[in-house]
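In: Build the 3D model from these lines:
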Amino acid sequence: MPKIKTKKGLAKRFRLTKKGKLKRQRAGRGHLLAKKSRKRKRQLRKAGLVSTTDKKAIKALLSY
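Out: Numbering: from 1, shown residues only. Sure, this is the predicted structure:
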């Protein structure tokens, strides 16, 4: 059996924590920042976690 290749696009966007959860960046920090409040932009800096429904599919694509 050949090895499964890691999806490099996903590998750049997600990180595994020690407990096996998936960390991700929050959406909404790319552009149009002038209309967003300071509090909202500050909270978007923090990493989010992937929901449990999506976790299984993403882990399969990350494979290693």
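
In: contacting residues for Arg24?
Out: Residues near Arg24 by Cβ atoms under 8 Å, 6 or more residues apart in numbering: 13-14, 47-50. For the C-beta atoms, the positions are set from N, CA and C on the backbone; glycine is no exception.

In: Which strand residues bridge it?
Out: Counting by DSSP bridges, Arg24 is bridged to Phe14, Gly48.

In: On the three-state scheme, Thr6 is what?
Out: coil (DSSP: H, G, I helix; E, B strand; the rest coil).

In: Not counting the helix or strand hosting Lys59 itself, show me its contacts.
Out: In this structure, Lys59 sits in helix 52-62 according to DSSP states H and E. Residues outside helix 52-62 that contact it (Cβ under 8 Å, 6+ apart) are 6-7, 10-11, 14, 16, 21-22, 50.

In: Could you do stretch 31-49 as well?
Out: Contact with stretch 31-49 is made by 21-26, 28-29, as judged by Cβ under 8 Å, 6+ apart.

In: Just the pLDDT for Gly20.
Out: We note a pLDDT of 89 for Gly20 in this prediction.

In: any idea how far it lies from Arg45?
Out: 24 Å (Cβ to Cβ, to the nearest Å).
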